[in-house]
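> quick one, fold the following:
(4 chains)
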Number of protein chains: 2
Amino acid sequence: MARPVEFERDQALTQAVGLFWRQGYQAASLPDLTTGMGISRSSLYAAFGDKRALFIECLDLYARRTLGLLAAARAEHPPLEALRQFFERSFGQPGCLLVNTTLEMADVDDGLSAHAVARLAEVEAGFEACLREAGCDAVQAAELAAVLMLVNQGLRVSSRRNLSADDLKAQLDTTFRILAAAIPAPGPATPSSGMPS
Amino acid sequence: MARPVEFERDQALTQAVGLFWRQGYQAASLPDLTTGMGISRSSLYAAFGDKRALFIECLDLYARRTLGLLAAARAEHPPLEALRQFFERSFGQPGCLLVNTTLEMADVDDGLSAHAVARLAEVEAGFEACLREAGCDAVQAAELAAVLMLVNQGLRVSSRRNLSADDLKAQLDTTFRILAAAIPAPGPATPSSGMPS
DNA sequence: TGAATTCTGGACCAATCGGTCCAGAATGGC
DNA sequence: GCCATTCTGGACCGATTGGTCCAGAATTCA
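Residues are numbered from 1 along each chain as shown, chains lettered A, B, ... in the order given. Now for the predicted structure:
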């Protein structure tokens, strides 16, 4: 029965995701967070517990959004092209929060690293489902999904090496050209996967 | 003309590399470093300047050692197998210090990130030379070297996901199986430029 | 041995870290 | 208007950060 407003929790969380994404867990200080999220220290602790709990919520939100992007690409394109789009759309971003966290927190906070790793596994499962749809059998889908996760990790690192957009695009194109040769034709007919030079 | 000994600088540096490699730049505190290196704060600052300068020396030493490992593999094996060995031998390690640093310091200390990126480019040049030796022309060698750097980055991330050794090996095997199809036969014959399917 | 020089353990420093706390502002029901 | 309740800015806390400094130990030359 008093002052019910509590700012926009989701919006603040989104801002926090962006901060952790760019700076990492350790380098994002409480002043950075409160400024970026537009709320005070007290509100942050009341709403999210502490820095670590906030970060875990950020990991989960980020993973959900990532899976959503993959699902959206799959809804708009045939499986292989969907994967391509998924990677290409990530180019402007500061890598992948899950990959960044896996590396940053390994041997520092194993709990956080493991949490990120678990979410990465979910993304890999998404790749696998996509490959099944592309015509791979179970074994091949699992195998290639692991390779795609390798590509994902590699590209997300490249995204932080400030290569030119053209260089990134070239890496992606070459990779998919090589990869396409290892994936069976999508449909029963017209095996041209639509991958011009 | 007094007390010339100055402990074992190189040995201390090697210990520092191990620490930064495992924990990252930010998480390795001065107490961690002095303990791990077996020297006192004063000696550390006298010998290396400050934490950041020490870290840069570590990056350079690490890069030199990495290039040495690649050279050693090339001396013992044919080019493609050398690359394979190079990756496989990195499995037990805490990723790659250069990759870890690129991610950790991007948007935090751009100078350090750029330094790591520059060293990574040297490694990529090593890949390229290896591919030339394997029979690739200039264009293809540059293209595939970029893909190999992608693989390198991806595998070094996987190394910190505590996957089983078998999983890592499987990722590597699948990747090289796919990759080998895109590389011309080692001999000077068979000029097929490698556009299968 | 004694003097000169160099090295180093550990105290010390200001700054910053994540986290707590409370006084007062803001809001709803009456 | 008033009270009750909730929210929040900012002061405050101890711990830790990277970095400095000095007294004294150690070593070489004469």
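> stretch A:19-33: end-to-end distance?
7 Å (Cα to Cα, to the nearest Å).
> now the angle from the strand or helix carrying A:Asp166 to helix B:165-180?
In this assignment (DSSP states H and E), A:Asp166 forms part of helix A:165-180. Relative orientation of helix A:165-180 and helix B:165-180, computed by axes from the mean of the first three to the mean of the last three Cα atoms, to 10 degrees: 100 degrees.
> list the buried residues for helix A:165-180?
The neighbour-count check on helix A:165-180 (16 or more other Cβ atoms under 10 Å in any protein chain shown) flags A:Leu168, A:Ala170, A:Gln171, A:Leu172, A:Asp173, A:Thr174, A:Thr175, A:Phe176, A:Arg177, A:Ile178, A:Leu179, A:Ala180 as buried. Placement of C-beta: from N, CA and C, glycine included.
> pLDDT of it, averaged?
Mean per-residue pLDDT for helix A:165-180: 93.
> where's it relative to the chain centroid, distance-wise?
Offset of helix A:165-180 from its chain centre (Cα atoms, centre = their mean, to the nearest Å): 18 Å.
> does that helix reach chain B?
Yes: contact of helix A:165-180 with chain B (Cβ under 8 Å from any Cβ of the partner chain) involves A:Asp167, A:Ala170, A:Gln171, A:Thr174, A:Thr175, A:Arg177, A:Ile178, A:Leu179, A:Ala180.
> are the lengthiest helix in chain A and DNA strand D in contact anywhere?
Selection of the longest helix in chain A by residue count, based on DSSP state H, yields helix A:51-76. No: shown here: helix A:51-76 not in contact with DNA strand D (Cβ under 7 Å from any atom of the strand), separated by at least 12.4 Å.
> what are the buried residues along the next helix or strand after that helix?
Next along the chain after helix A:51-76, taking DSSP H and E as the criterion, comes helix A:79-88. Using 16+ other Cβ under 10 Å as the test for burial, helix A:79-88 gives A:Pro79, A:Leu80, A:Glu81, A:Ala82, A:Leu83, A:Arg84, A:Gln85, A:Phe86, A:Phe87, A:Glu88.
> what lies in contact with helix A:79-88?
Contacts to helix A:79-88, defined as Cβ atoms under 8 Å, 6 or more residues apart in numbering or on different chains, come from residues A:69-70, A:73-74, A:76-77, A:127, A:130-131, A:133-134, A:148, A:151-152, A:155, A:169, A:172, A:176, A:180, A:183, A:186, A:193-194.
> for that helix, what is the distance to the chain centroid?
13 Å.
> now do that helix against helix A:51-76, angle only.
Using the same axes, to 10 degrees: helix A:79-88 against helix A:51-76 is 140 degrees.
> now helix A:79-88 - C-alpha only, PDB.
Taking C-alpha atoms only, helix A:79-88 is exported to PDB below (Å, rounded to 0.1, in the frame of the first residue of the first chain):
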ATOM      1  CA  PRO A  79      18.800 -24.900 -42.000                       C
ATOM      2  CA  LEU A  80      22.300 -24.300 -43.400                       C
ATOM      3  CA  GLU A  81      21.500 -20.800 -44.400                       C
ATOM      4  CA  ALA A  82      20.000 -20.200 -41.000                       C
ATOM      5  CA  LEU A  83      23.300 -21.200 -39.300                       C
ATOM      6  CA  ARG A  84      25.100 -18.900 -41.600                       C
ATOM      7  CA  GLN A  85      22.800 -16.000 -40.800                       C
ATOM      8  CA  PHE A  86      23.100 -16.800 -37.100                       C
ATOM      9  CA  PHE A  87      26.900 -16.300 -37.300                       C
ATOM     10  CA  GLU A  88      26.900 -13.400 -39.600                       C
END
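> and the next element down the chain from it?
helix A:97-105.
> can that following helix be found next to DNA strand C?
No: using Cβ under 7 Å from any atom of the strand, helix A:97-105 stays clear of DNA strand C, with a minimum separation of 13.0 Å.
> thinking again about what came up before, the residues of helix A:165-180 next to chain B into a markdown table, with extra columns for distance to B:Gly92?
Shown next, in a markdown table, are these (distance: Cβ to Cβ, whole Å):
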| residue | distance to B:Gly92 |
| --- | --- |
| A:Asp167 | 31 |
| A:Ala170 | 32 |
| A:Gln171 | 27 |
| A:Thr174 | 29 |
| A:Thr175 | 26 |
| A:Arg177 | 32 |
| A:Ile178 | 28 |
| A:Leu179 | 28 |
| A:Ala180 | 33 |
